[in-house]
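Chemist: return a 3D structure for these sequence lines:
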Amino acid sequence: MPAAAFTGARKGELRGFLWEDYDGEQIRISQSYWRGHMQEPKTKKSKAPVPVIAQLSERLNLHRVLKGNPLKGLMFPSPEGKPLNLDALTADVIRPALKRQGLQWHGWHAFRRGLATNLHRLGVQDEIIQRILRHSNVGVTQKCYIKTVDADVVAAMRSLENAPNMHLESSATAAQDVKPVTDRAVRAYAN
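Modeler: So this is what the prediction gives:
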């Protein structure tokens, strides 16, 4: 679901998205649907608007046209007009589609973590990522959401990998070199 990937909204927030909270540039988070109940967003900071990038705006505008151009109400309603059951969508549509492609589903929260990680890789400051995800403090964003492997660390390991004389000899030669050392160690500890 592009709305999850491009906004980083929580699962309950996605279910509570309203057309009247979308102005083409941002979505104001005014409610969350969780465990059968409409409620306030998780925290005061959670009520901050989420920026909408062009790729998502195009999809939302098309979705709106396909739904008959509603001006208000749920963006993603079930056929009964209630918030869409994302667990059923996962079981009936998403998991089977991913399975056909040999891919694994990592859950709705992976969209939030993925957005944080991708923004970080693009050089966006952690404090800005915190504001986009609407976390109460940057520590949560850094510790739990941004999954990184330092580029310098990766480059250093590639240097080691590609260094001359770092490739192991054939298994037979390596086994012959190790066997006498191993035999001596076993005899030393056996006495």
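Chemist: residues contacting the helix or strand encompassing residue 61, please?
Modeler: In the assignment (DSSP states H and E), residue 61 maps to helix 54-66. Residues from elsewhere that reach helix 54-66 (CB atoms under 8 Å, 6 or more residues apart in numbering): 2-3, 6-7, 19, 22, 24-25, 52, 70, 75. Backbone N, C-alpha and C define where each C-beta goes, glycine included.
Chemist: now for whatever helix or strand comes next after it, which elements pack on it?
Modeler: Moving toward the C-terminus from helix 54-66, the next helix or strand (DSSP H and E) is helix 86-89. When contacts are defined as 3 or more CB pairs under 8 Å, 6 or more residues apart in numbering; DSSP states H and E, helix 86-89 packs onto helix 11-16.
Chemist: what mean pLDDT does the helix it packs on get?
Modeler: The average pLDDT within helix 11-16 is 93.
Chemist: give me the neighbour count for residue 89.
Modeler: Neighbourhood size, residue 89 [other CB atoms under 10 Å]: 15.
Chemist: now swap in residue 106 and tell me
Modeler: Residue 106 - counted by other CB under 10 Å - has 11 other residues nearby.
Chemist: tell me the buried residues within the contacts of helix 54-66.
Modeler: 3, 6-7, 19, 22, 52, 75 (16 or more other CB atoms under 10 Å).
Chemist: and the furthest pair within the residues you listed?
Modeler: 6 and 19 (17.0 Å; CB to CB).
Chemist: report the central residue of the protein.
Modeler: Nearest to the geometric centre of the chain sits residue 114, at 2.5 Å (CA atoms, centre = their mean).
Chemist: hang on, that residue is in a helix, isn't it?
Modeler: Yes - counting by DSSP: H, G, I helix; E, B strand; the rest coil, residue 114 is found in a helix.
Chemist: contacting residues for it?
Modeler: Neighbour list for residue 114: residue 5 [criterion: CB under 8 Å, 6+ apart].
Chemist: ok, back up a step: report the lowest-confidence entry in the contacts of helix 54-66.
Modeler: residue 2 (88).
Chemist: related to what we said a few turns ago, now, which of the buried ones among the contacts of helix 54-66 lie within helices?
Modeler: Of those, the ones assigned to helices by DSSP state H are 3, 6-7.
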